[in-house]
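> Following is a predicted model, sequence given first.
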Amino acid sequence: MSDERGAFPRTLSTAIPAIPVPETSPAGTTEDEARARVSTLEREARALGNEAAAALLFHEIGLLWESPLRHPRNAAVAYQQAFKLAPRFLANIRAARRLFAEVGNWQMVVTLLDAELSATEAQRARAALLFEKGQILEQRLSREAEAQAAIAACLELQPEDVTLLVQLEQHYGECGNFEALVSVYRQLAANVQEPAARAGYLTSAGLLLEDRLRNPKGAAELFREAFTLDRRDPQLLSAIKRVAHREETVDEELSALAAEAELQGSAAAPTFLQISRTYERLGRPEDALAALLAARRVRPNDPLILSELARIYEAEGRFDELADVLLAWVQGNVDETEFVSLNLRLAALYEQQQRDVDAVGRYHAILARVTGHGGALAALGKLHHRAQNWQGLLDTYEAGRGPRARRRGCGGRGRGRR
């Protein structure tokens, strides 16, 4: 502080005339007492001479000149005298800085901030002072380059104050300095306690690295770190899936899909389908089937899920499960063509299992919807004949004959009219 003892007081003295002097206040007991106290303190300070203890007296004199005496120029002189004796007396520097801020002398405020920085060793306090200096340089003095240098120096100190970090986030976001913003997000993640909040900051940093700074490897590291903290952020899950797809880490993709399905709840069926197909691609049929069954629990009558289950059950020869799936599928089907096709398939499966009664029921379901369906009638006739159910066979014959007879009758009447 050898140069500060001379440089700072001279600067302060030069600025004193710029401070406006308010009108003299009416004499009163409080002001009289304050003036008497000032006189007493001045005598005590002179008696102490150049001892550092006198700085406390001059500081108190400055406070009294500020209030209740309302004489800022005299207050500045007192603070200056205190600084000469104790240049690291922070309370005195702060009081002087407040005084010049109140009257709008921002150049002097910056000078006092530098003095306080020189007298401050705590990293957290230095970071806050540098940020404040940068804000004043930018907003009050329009000295952009110096402002950015001060704020960059603040960030280099790796501040741990979350409030200050949030201010830095806003600053760098507004000026579009994405590299610095990534650093801020990482420091925020290191200084908040809630895992979801930490993951959110890491995800934000990763997105900047991925989208703005074209650093997918660095982004992937942050996404993975965030994923260990929180598995419920849709934006993070999408990022993990992108990374897994890009780097072909299938297990990581499956982990993200499983977390996504858990998050989606009743809307998770498409995600379970995706999981199933991924497992099938990996040659893990049991896991693929488990994912499909999870999808069916969420959406029991979804045709796509049922068709996938039917395909797997048929390939594995699990005909009881196949029949259950086909029955559920056909009960929810409204398209006539598919309705008939599914029932024919289910009836054939029942016949294969020697469940002729169930097969007959499926053929009757077809006929109830498509009267006179030839395939259903032929299969019914075969089943009734095999069971020696002659009445059923006769009914089937009549059901098949009826439409043809009606068509012949219509044709005959038409020829008779001609």
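Structure's in. What do you need? Numbering: from 1, shown residues only.
> tell me the pLDDT at Leu164?
Looking at Leu164, its pLDDT is 97.
> In this structure it contacts Glu132, no?
No: taking C-beta atoms under 8 Å as the definition, Leu164 is not a contact partner of Glu132, at 9.6 Å. For the C-beta atoms, the positions are set from N, CA and C on the backbone; glycine is no exception.
> Leu208 and Ala95: what is the separation?
Remark: distance between Leu208 and Ala95 (C-beta to C-beta, to the nearest Å) = 41 Å.
> list the contacts for Ile61?
Going by C-beta atoms under 8 Å, 6 or more residues apart in numbering, Ile61 touches 38, 41-42, 45, 78.
> and those residues, which are buried?
38, 41, 45, 78 (16 or more other C-beta atoms under 10 Å).
> tally of neighbours for the closest residue to the last one other than its chain neighbours?
Right, the one you point to is Ala78. Leaving aside its chain neighbours, Ala78 sits nearest to Gly62 (3.5 Å; criterion: C-beta to C-beta, 6 or more residues apart in numbering). Neighbours of Gly62 under the rule other C-beta atoms under 10 Å: 24.
> Provide the secondary structure category for Gln388.
Classification of Gln388 using DSSP: H, G, I helix; E, B strand; the rest coil returns coil.
> Torsion angles phi and psi at it?
Main-chain torsions, Gln388, degrees, to the nearest 10: phi 50, psi 40.
> Can you give me the distance of it to Ala47?
Taken as C-beta to C-beta, the span from Gln388 to Ala47 is 134 Å.
> Next: Ala119.
From Ala119 over to Ala47 the distance is 26 Å, taken as C-beta to C-beta.
> Next: Phe83.
20 Å.
> higher neighbour count, the two?
Phe83 (25 against 10).
> so the more buried one touches Ala96, yeah?
Yes: if you go by C-beta under 8 Å, Phe83 and Ala96 touch, sitting 7.4 Å apart.
> and for the helix or strand harbouring Tyr363, what are the contacting residues?
According to DSSP states H and E, Tyr363 maps onto helix 356-369. Identification of contacts with helix 356-369 by C-beta under 8 Å, 6+ apart yields 330, 336, 339-340, 343-344, 346-348, 350-351, 373, 375-377, 379-380, 383-384, 386-387, 392, 399.
> What's the ChimeraX line that selects buried ones from those?
The following ChimeraX line selects those of the contacts of helix 356-369 that are buried, judged by 16+ other C-beta under 10 Å:
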select :330,339,340,343,344,346,347,350,351,373,376,377,379,380,383,384,392,399
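> now, which of the contacts of helix 356-369 lie within helices?
330, 336, 339-340, 343-344, 346-348, 350-351, 375-377, 379-380, 383-384, 386, 392, 399 (DSSP state H).
> For Gly176, what are phi and psi?
Note on Gly176: its backbone torsions stand at phi 70, psi 30 [degrees, to the nearest 10].
> okay, now it: neighbour count?
9.
> and Ala226, helix, strand or coil?
helix.
> Check it and give its pLDDT.
Per-residue confidence at Ala226 stands at 98 (pLDDT).
> again, but for Glu4
On the pLDDT scale, Glu4 gets 40.
> if I look at the residue nearest the centre of the chain, how far off is Gly206?
By C-alpha atoms, centre = their mean, the chain has its centre lying nearest to Gly200, at 4.8 Å. The gap separating Gly200 from Gly206 is 11 Å, by C-beta to C-beta.
> Next: Leu293.
From Leu293 to Gly206 the distance is 34 Å (C-beta to C-beta).
> These two: which is more packed in?
Ranked by neighbour count (other C-beta under 10 Å), Leu293 and Gly206 place Gly206 first, with 29 against 14.
> what secondary structure does Thr278 sit in?
helix.
> Report how many residues lie close to it.
18.
> Per-residue pLDDT of it, please?
93.
> Quickly find the element holding the spatially closest residue to it that is not a sequence neighbour.
Leaving out its chain neighbours, the residue that sits closest to Thr278 by C-beta to C-beta, 6+ apart is Leu254, at 5.9 Å. For Leu254, the host element (DSSP H and E) is helix 250-264.
> helices or strands up against that helix?
helix 216-229, helix 234-247, helix 269-281 (3 or more C-beta pairs under 8 Å, 6 or more residues apart in numbering; DSSP states H and E).
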